[in-house]
Each structure stands twice: as structure tokens, then as C-alpha cells.
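[1] predicted model follows, preceded by the sequence.
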Amino acid sequence: MTDDEKEVLRARDFWAGLTLMALSVFFLWRTFDIPLFGGNRAGVSGAAWYNSAAIVPLGIFSGLLILSCILLAISIRAGGAHRALSAAGIGWNRAEVLRIAMIGVIVFFYVAALVPRVDFIVASGLVIVALTFGFHLARPGRMIVSAAIVAACGLYALIARLPQAEWVRHDDDVLALVAWIGLSLWTLWIARGDRVLRAAPVIALIAPATLVCTMAFGFRQNVPNRGGLIFSQIEYHYYVTLRPLWRG
């Protein structure tokens, strides 16, 4: 990587740091609408702080704020701020537009369509594999394919299961699960010794499952779509099969 390319990279880090900082501050501000130390706010009742629904989002967005500050500091120290505030610092081109647009499509359908309606483990696993498959090697064709797969699952969930009363049905879960498995197999097929691509399907299964189980059974928080295809079975066997074992 040349010095000029490094300067452009640091300039983009500067803008990315500012964007992430603004997002994390906004979501932290909204999180404080949830009572942390008891009381009732916006119709949400609080109890002990460790049972508050605010704990998990506070941890996530506080961590995001710290990381964005670190990214911003590194960029400023490397001269990224000076470059970013000049016309050349943006480094805008067609490939960059495509990358940002495809990431935006994936994030939109994940947040607006998949998370409320599709099993959290399935939706998150699909998105993790799609992001790795599409953007790890920065190949435009793979970016478009990964965004199209997530968008197709999201559109089906929005069209077929728009009202909340329909969220309990599992046909959208099955579609996303099939897409997740298919994209995972495709990722493993093209990996060819690439450790990131080989690890992506495993991480896509372990990370969401660990997060949602920790939230539900460790912190006893509400989790997205509790009646989802996979999590509903996990919750059933936790309370019916596993919990009675250690309670005698």
C-alpha cells in the first residue's frame, strides 16, 4: 500500500469514526428512555439494574462509542483529518459507492425486516455470512449477490409477514435458513485456504446463538422474535429439559 493510499484510508477512517460516534451517541440517548434503576418510563417498568432491558444496549453502544473514538484518534494522529477535510480526502469513486450502497441494503433489511420477523439466530447468521462473503475480498459481484440474497429474504418477510400478528409463522424463517445454509456452503466452496472465509459460517452460528442465549437466560432480557424457528426450540428445551436437571 502506497503512502497516498494510506492517507486516503485514514481520511475514510476519520469520516467512519465520526459517523459511528454520532450513531452510538444517538442510540445511547434513546437507550436512556429505558429505566435502569427502577421506576417507570415510557410505559416500561424497571426493577434491579441487572434486570433492566437497558443493560445490553448500553454495553453495545458504549463499546461502539469507545471504538469510534479510538478509530477517530488514530485517524487524526495519522493525518487523516487534514486529508478528510480537503476535496481529495473523500476519495469517492464508483466502487466505493457500490460498497456503501450494498452495505446499506443489507443493514436496512436486517434491521427493518429480518430482526423483528425472522429468528434472530437465522437472521444474524445470514447477515454475518453475507457481509463476509461479499466484502472480505471487495469483489463487486459478490457484494451484489450477498445484498440481493439478504434483500430477497427481507422483502419476503415484509410482504408476507407485515403485521405483527403474522410474525409467529415460520415460512420466512425457513426461507432465510435455506439462504443462510446455501450461502455458507458457497462461502466454504470458494474459501480455498482463506481463513476468514472458512471461519465465517462457524462464527455466524456461534456468535448470534451465544448473544441471544446470554440475553435471554443470563440477563433475562427480552429478545427479538422469541417465537423464532430456532430460538423457540432452544428456549423450550432450556426450561423443559435442562433446567429441571440442575434443580433436582
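    On my side now, so go ahead.
[2] after the least confident helix or strand in the chain by mean pLDDT, which helix or strand is next?
    When the helices and strands of the chain are scored by mean pLDDT, DSSP states H and E, strand 44-46 comes last with a mean of 47. Following strand 44-46 in sequence order, the next helix or strand is helix 55-77 (DSSP states H and E).
[3] CA atoms of the very next helix or strand once past that next one as CSV?
    Using DSSP H and E, the helix or strand that follows helix 55-77 towards the C-terminus is helix 80-84. Written as CSV, here are the backbone C-alpha positions of helix 80-84 (Å, rounded to 0.1, in the frame of the first residue of the first chain):
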residue,chain,number,x,y,z
GLY,A,80,-6.5,11.6,8.3
ALA,A,81,-8.4,14.6,9.5
HIS,A,82,-6.4,17.0,7.4
ARG,A,83,-6.8,14.9,4.3
ALA,A,84,-10.5,14.2,5.0
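[4] pLDDT averaged over the longest helix anywhere in the chain - what is it?
    Ordering each helix of the chain by length in residues (DSSP state H) puts helix 3-31 first. Throughout helix 3-31, pLDDT has a mean value of 78.
[5] quick one: buried residues of it?
    Going by neighbour count (16 or more other C-beta atoms under 10 Å), the buried part of helix 3-31 is 7-18, 20-21, 24, 27-28, 31. (Each C-beta comes from the backbone N, C-alpha and C, glycine too.)
[6] with stretch 73-89 instead?
    Under 16+ other C-beta under 10 Å, the buried positions of stretch 73-89 are 75-76, 78, 80-81, 83-84, 89.
[7] of all those, which comes closest to residue 169?
    residue 75 (46.1 Å; C-beta to C-beta).
[8] the closest one reaches residue 8, doesn't it?
    No: counting by C-beta atoms under 8 Å, residue 75 sits too far from residue 8 to count as a contact (11.4 Å).
[9] can you pull out the helices in the chain?
    Using DSSP H, helices in the chain cover 3-31, 55-77, 80-84, 94-109, 115-117, 120-135, 140-160, 171-191, 195-213, 231-237, 243-246.
[10] for residue 222, find the nearest of the ones you listed.
    helix 55-77 (9.7 Å).
[11] who does the closest one touch, helix- and strand-wise?
    Of the remaining helices and strands, those touching helix 55-77 by 3 or more C-beta pairs under 8 Å, 6 or more residues apart in numbering; DSSP states H and E are helix 3-31, helix 80-84.
[12] do you know which of these lies nearest residue 66?
    Closest among the helices and strands packed on helix 55-77, using C-beta to C-beta: helix 3-31, at 8.7 Å.
[13] what's the domain layout of the chain?
    1-91, 93-248 (automatic domain parsing).
[14] among those, show me which one is buried the most.
    domain 93-248 (a mean of 17; mean count of other C-beta atoms under 10 Å).
[15] in the chain, which ranges drop under the pLDDT threshold?
    1, 3, 5, 34-56, 86-93, 96, 248 (pLDDT under 70).
[16] ok, 50 please
    The model of the chain has pLDDT under 50 over residues 41-46, 87-89.
[17] pick out the residue nearest the middle of it.
    residue 124 (6.3 Å; C-alpha atoms, centre = their mean).
[18] so the closest residue to that residue other than its chain neighbours versus residue 129, what's the distance?
    Closest residue to residue 124 apart from its sequence neighbours, by C-beta to C-beta, 6 or more residues apart in numbering: residue 208 at 3.6 Å. Using C-beta to C-beta, to the nearest Å, residue 208 is found at 11 Å from residue 129.
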